[in-house]
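Asker: structure for the following, please:
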Amino acid sequence: MTKYIFVTGGVTSSLGKGIISASLAKLLQARGYSVTIQKFDPYINIDPGTLNPYEHGECYVTEDGAETDLDLGHYERFLNVPTSQANNITTGRIYQNVINKERLGEYLGKTVQVVPHITDEIKRNMRILGESGKYDIIITELGGTVGDIESLPFIEAVRQFKWEVGANNAIVIHLTLIPFLAAAGELKTKPTQHSVKALLEYGIQPDILVCRTEHPINQDIRKKIALFCNVNVNAVIESIDASTIYDVPLLMMKEQLDKTVLSKLKLAQKNEPDMESWKDFLGRLKNPISEVVIGVVGKYVELPDAYKSITESFVHAGARNECKVRVEYIHSEGVYPDNVREKLGHLDGLLVAPGFGSRGIEGKIDAIKYVRENNIPFFGICLGMQCAVIEFGRNVLGLTAANTTEIDENTENPVINIMEEQKNVTSKGGTMRLGAYACDLKKGSKAFAAYGKPHITERHRHRYEFNNAYLSRYEEAGMIASGTNPESKLVEIVELKNHPFFVGGQFHPELKSTVANPHPLFVKFVAAAVEFTKKKIK
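Answerer: Model prediction:
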């Protein structure tokens, strides 16, 4: 039978339930178990697809085109296993499913209520991945904090679920905070006690407590927490602040979190976790032999979580190149022709980030012109690639009106345009290319050299495309389409022939970069930045 682990949070948000879930999953996977993680979010949006990045960070897209919570990115980066639509469920989706069933008469005239109808639908979704037969263990992260009104149906569903499958088949890990009071000079356990008490009021006794802390927790504090929270002393796990999220699996292994979990689920410990490749990655990450500064030009730079996958891709690619990548965020609205040298002149590479809408787009175009003319390594993602096409059209091809119809519907030169079959679709999500699409690479191109193979798939999240009516003019001038979709012939990758590294992808490569498999385009981009620094030093 599939075993289930539920991860809840208490005291405050942002304690890192996603990282703890991913770290535990990594350790269990390293012991030979098949593991996946799902996230249940308490907000009423159907998915994060229409949320402003300032609200919720980046929107992570899975292979099957689901727009999901950014925590799924952590799951994939740690486990190197793709997630899907079934890995992220929101309150909105739960209620939508229940209301659809009610409209179809599936409840046979019954009064539809939170209990049992909403909780039954939550439990049904909790079981979907377990019933697939692919996994030994399902870890379910519950968004929000215990005590929030909006998460109550999920907590109640966990209580029922645990009761139904039995104590040895489902456990609850509660992530909590042990704050340090500087004035008193001591760690305080009272917030954790109150948080566990709130869980107990809802009928759930946590099996394991993971305690976030800035200072080590001694044995006396562990005994106190165990006594007041009804858990074994060895089930009080210290989660101390780490210099990088990639330290957390090894810290959890030291605390024997995986052993405690397996013991409570009555599962064999098999062999010790094989974490050698993970340790090798950390060794490269922490002992770089070079350093580069890469600018990320975007319009959501005030919130780093808006570009979380990009940041982590630089970590992976940096480690592969034994190079420390210092990411410098630059607001696209603050870049103009008269200050572009001041803003970008010190950089070893520039990435122009994805986004929607007109705000900041001219700053992105000015930035691209500067790095193109000064042979600074450039990488454009989605809108970043489209801005590179616009910039080249305006300043090399002489198409002064070149633009995307997203910004100017009536532009004389719509070098980026919406596809004909999408023009009459009104639902926001309906006009998008979402999820994995195939791409054929041109031999001899920088893209082909990076991937080392002619056929790839990459994940998309956009609705505007390169206008193929202009393709021949671009290629004659030196910007080639080095990657195209084999069915639609849509342009997926553009690059400049006579430039050290100038590549733009219509897809989102950052969504497929993991610790085990850093994305090849990021690896080559960082390598190009390292070469650029060497030339500067000479």
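Asker: show me where the stretch 351-500 of the chain has its strands.
Answerer: 378-381, 402-404, 413-418, 433-441, 455-462, 464-466, 479-484, 491-496 (DSSP state E, counting those that start in this stretch).
Asker: what mean pLDDT does the fourth one get?
Answerer: Think strand 433-441. Strand 433-441 comes out with an average pLDDT of 93.
Asker: one step back: can you redo the strands of the stretch 351-500 of the chain as JSON lines with distance to V530 and mean neighbour count?
Answerer: (Glycine included, C-beta is placed from N, CA and C.) What follows is the strands of the stretch 351-500 of the chain, written out as JSON lines (distance: least, CB to CB, whole Å; neighbours: other CB atoms under 10 Å):
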{"stretch": "strand 378-381", "distance to V530": "14", "mean neighbour count": "28"}
{"stretch": "strand 402-404", "distance to V530": "33", "mean neighbour count": "25"}
{"stretch": "strand 413-418", "distance to V530": "31", "mean neighbour count": "22"}
{"stretch": "strand 433-441", "distance to V530": "23", "mean neighbour count": "19"}
{"stretch": "strand 455-462", "distance to V530": "24", "mean neighbour count": "19"}
{"stretch": "strand 464-466", "distance to V530": "30", "mean neighbour count": "22"}
{"stretch": "strand 479-484", "distance to V530": "22", "mean neighbour count": "24"}
{"stretch": "strand 491-496", "distance to V530": "19", "mean neighbour count": "26"}
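Asker: for these, give me JSON lines that also has distance to I173.
Answerer: Formatted as JSON lines, the entries for the strands of the stretch 351-500 of the chain read as follows, by distance: least, CB to CB, whole Å:
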{"stretch": "strand 378-381", "distance to I173": "35"}
{"stretch": "strand 402-404", "distance to I173": "46"}
{"stretch": "strand 413-418", "distance to I173": "46"}
{"stretch": "strand 433-441", "distance to I173": "31"}
{"stretch": "strand 455-462", "distance to I173": "30"}
{"stretch": "strand 464-466", "distance to I173": "43"}
{"stretch": "strand 479-484", "distance to I173": "43"}
{"stretch": "strand 491-496", "distance to I173": "41"}
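Asker: of all the ones you listed, which one is nearest L129?
Answerer: strand 433-441 (18.2 Å; CB to CB).
Asker: who does the closest one pair up with?
Answerer: Note on strand 433-441: by DSSP bridges, its sheet partners are strand 455-462 (antiparallel), strand 479-484 (antiparallel).
Asker: how about low-confidence regions in this structure?
Answerer: Counting by pLDDT under 70, the low-confidence segments of the chain come to 54, 56, 419-431, 538.
Asker: sorry, back to before: which one of the strands of the stretch 351-500 of the chain lies closest to F228?
Answerer: Ranking the strands of the stretch 351-500 of the chain by proximity to F228 (CB to CB) places strand 455-462 first, at 46.4 Å.
Asker: just the buried positions in stretch 181-200, please.
Answerer: Residues of stretch 181-200 classed as buried by neighbour count (16 or more other CB atoms under 10 Å): 187, 189, 192-193, 195-196, 198-199.
Asker: closest to E238 among those?
Answerer: E238 lies nearest to L187 out of those, by CB to CB, at 10.6 Å.
Asker: that closest one: what's it in contact with?
Answerer: L187 sits next to 178-181, 213, 215, 217, 221 when contact means CB atoms under 8 Å, 6 or more residues apart in numbering.
Asker: repeat the analysis, applying 10 Å as the threshold.
Answerer: Contact analysis of L187 by CB atoms under 10 Å, 6 or more residues apart in numbering lists 178-181, 211, 213-218, 221.
Asker: quick check on those: which are buried?
Answerer: Among the contacts of L187, those scoring as buried are 178-179, 211, 213, 217, 221 (criterion: 16+ other CB under 10 Å).
Asker: just the closest of the residues you listed to N230, please.
Answerer: Proximity of the buried ones among the contacts of L187 to N230 was ranked by CB to CB; the top entry is C211 with 15.1 Å.
Asker: please identify the helix or strand for that closest one.
Answerer: Secondary structure from DSSP states H and E places C211 in strand 208-213.
Asker: these two touch, right, G452 and P520?
Answerer: Yes. G452 lies in contact with P520 (CB atoms under 10 Å); the separation is 7.4 Å.
Asker: who has more neighbours out of those two?
Answerer: Counted by other CB atoms under 10 Å, G452 and P520 do not tie: P520 has more neighbours, with 20 against 9.
Asker: roughly how far does the more buried one sit from Q219?
Answerer: Remark: distance between P520 and Q219 (CB to CB, to the nearest Å) = 48 Å.
Asker: and A481, how far from Y464?
Answerer: The value you get for A481 to Y464, if CB to CB is used, is 16 Å.
Asker: related to what we said a few turns ago, how far out from the middle of the chain is the strand holding C211?
Answerer: Using CA atoms, centre = their mean, to the nearest Å, we find the averaged C-alpha position of strand 208-213 to lie 24 Å away from the chain's own average C-alpha position.
Asker: tell me what that strand is packed against?
Answerer: Counting contacts by 3 or more CB pairs under 10 Å, 6 or more residues apart in numbering; DSSP states H and E, strand 208-213 packs against strand 3-9, helix 17-30, strand 170-177, helix 190-201, helix 219-229, strand 236-240, helix 257-264.
Asker: just checking: what are the partner strands of it?
Answerer: strand 170-177 (parallel), strand 236-240 (parallel).
Asker: can you list contacts of the helix or strand K343 falls within?
Answerer: Per DSSP H and E, K343 falls inside helix 340-344. Among residues not part of helix 340-344, those counted as contacts by CB under 10 Å, 6+ apart are 295, 297, 328, 330-331, 334-336, 350, 363, 366-371, 374, 376.
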